[in-house]
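A.B. asks: Please work out how this folds:
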Amino acid sequence: MVSVSGTSVATPFNPYMFGGPGTLPGPVIAAVNCADVQGVSAPTISTDPDAPSFPLVMSTFGLSSLTDATTWLLRWPGQPGLLAPFKAMQKSLRWGPEFPRVRPETDLVLIGDGLREWVACEVALKLQEAAYVRARSFGLEEFLHGPRVSVGEGSLVVGFSSRKEKRWDAARRYLKTVEVPFVEAASEDWLAQVLWGQRFTIDCCRRLGIDPDLLRSDDPRYRRALAET
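C.D. replies: As a prediction, this is how the structure comes out:
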């Protein structure tokens, strides 16, 4: 039991929740640093008088991402204007095209232009990690330069596009000509595209009957491999 500004918190505190000595700062620590830059003071606690203080969010919410931690920190000082990006994110959760059907054998290719190349990489990573599907990612120009010839029967291409980028016309024409399905998530809001990709991943998991949290630990071979690395 610890106390913060007179409020009791009946949650055990784990100082290694976000990494032990010698590791990079965890997401909450990074969020506190962001708050400092904005001149925001975050409530802190410490269960060890000889240890540095840690943010309350670290022990009570068990958050695992910088976004989650930052949201909580920005709520505390009563500065709602700082929450505007997160309110925009809420709207983004309802955006996007219909999710395409993906089978275990589908050759899934994700492409993006500019900053959206990173979006394609992130979504491909999630699809491989959570849904165990084969997913490749390319920048738009990279795809048009050569990898476009690798798509064919059994392929599905997802494009994270900007309407301002004219080179997408070439990609659309090519994919139409070679008769490869193309799903385009076109938006100037790259965060909305990331969220659509995460929802797409969950949809794939549901359709394929996969628990995205297992990381194949239900298979003894993968469980042993995970324990050894």
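
A.B. asks: the strands in this protein, which residues?
C.D. replies: Under the criterion DSSP state E, strands of the chain are mapped to 2-4, 7-9, 44-45, 54-55, 107-112, 135-139, 155-161, 182-186.

A.B. asks: Report pLDDT for the spatially closest residue to residue 130 that is not a sequence neighbour.
C.D. replies: The shortest distance from residue 130 to any non-neighbouring residue, by CB to CB, 6 or more residues apart in numbering, is to residue 212 (3.8 Å). For every residue, glycine as well, the C-beta is placed using N, CA and C. Confidence at residue 212, expressed as pLDDT, is 87.

A.B. asks: Measure how buried residue 212 is and give me the count.
C.D. replies: For residue 212, the count of nearby residues is 15 (other CB atoms under 10 Å).

A.B. asks: Likewise for residue 198?
C.D. replies: Using other CB under 10 Å, the number of residues around residue 198 comes to 16.

A.B. asks: roughly how far apart are it and residue 116?
C.D. replies: Here residue 198 is placed at a distance of 15 Å from residue 116 (CB to CB, to the nearest Å).

A.B. asks: Would you mind giving the domain segments of this structure?
C.D. replies: 2-88, 107-208 (automatic domain parsing).

A.B. asks: The longest helix along the chain versus strand 182-186: what angle between them?
C.D. replies: Among the segments of the chain that qualify as a helix by DSSP state H, the longest is helix 190-208. Counting by axes from the mean of the first three to the mean of the last three CA atoms, to 10 degrees, helix 190-208 lies at 140 degrees to strand 182-186.

A.B. asks: let's have the chain start at 822 instead
C.D. replies: Noted, 822 is the first residue going forward, which turns the last one into helix 1011-1029.

A.B. asks: Which positions within helix 1011-1029 qualify as buried?
C.D. replies: 1011, 1013-1022, 1024-1026 (16 or more other CB atoms under 10 Å).
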